[in-house]
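**Q** quick one: sequence plus predicted model below, questions after.
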Amino acid sequence: MFWNKNRSVPPEGLELSKQCQAEAEQLYRSGKYHCAEAVMETIRRRFAAQLPESIVGAVSGFGGGSNSGCICGAVSGGTVALGIILEDKKETSHLTKELHTWFKEKYGVTCCKTIRQTHKGACPVLTGEVAGKVAEMLASKSN
């Protein structure tokens, strides 16, 4: 079953989304994690705590738009997190498209370089928002 953006999220799913948003933003602001790592670590903690923290290293190269300014690292980290949690190629692909569409509607682009020029200082906030959105999507899927 695929996630339906028109499907309502139960209150506990919305609360989890807000918690993930705050946690990822805090991790980013701590300086220990960049955008992709903060999203991945937050989702790992909330949805797959049995996985080692070292799995966050799988997204370490995505910070700063993969260090080239291309796709937003938070979106990349969210995409990897979806794949790890769902373990289903079709669902992951579908939800990734939903995540990218949502992000593009919110920020206009998924290009890190452009976002940092047009939304200066937004990285901590958008990192939290992406983690919250991924959590919301996963919570909706499980109901």
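**A** Yes, it's here. These figures come from a predicted structure and were not determined experimentally.
**Q** which residues touch residue 66?
**A** By CB atoms under 8 Å, 6 or more residues apart in numbering, residue 66 lies in contact with 73, 76. Placement of C-beta: from N, CA and C, glycine included.
**Q** surely residue 124 meets residue 28?
**A** Yes. With contact defined as CB atoms under 8 Å, residue 124 and residue 28 form a contacting pair (4.7 Å).
**Q** compare the two (neighbour count), which wins?
**A** residue 28 (27 against 18; other CB atoms under 10 Å).
**Q** distance of that one from residue 88?
**A** Taking CB to CB, to the nearest Å as the measure, residue 28 falls 28 Å from residue 88.
**Q** same check on residue 113?
**A** Applying CB to CB, the value for residue 113 to residue 88 is 32 Å.
**Q** how about residue 50?
**A** With CB to CB as the criterion, residue 50 and residue 88 are 18 Å apart.
**Q** same check, this time on residue 36
**A** Distance, residue 36 to residue 88, by CB to CB: 21 Å.
**Q** name the element the residue nearest to residue 36 when sequence neighbours are not counted belongs to?
**A** Nearest-residue entry for residue 36: residue 77, 3.2 Å, with adjacent residues in sequence omitted and distances by CB to CB, 6 or more residues apart in numbering. Element membership of residue 77 [criterion: DSSP states H and E] is helix 73-86.
**Q** chain center to that helix, what's the gap?
**A** Centroid separation for helix 73-86 versus its chain: 6 Å, with CA atoms, centre = their mean, to the nearest Å.
**Q** kindly confirm my reading that residue 109 forms part of a helix.
**A** No. Using DSSP: H, G, I helix; E, B strand; the rest coil, the assignment for residue 109 is coil, not a helix.
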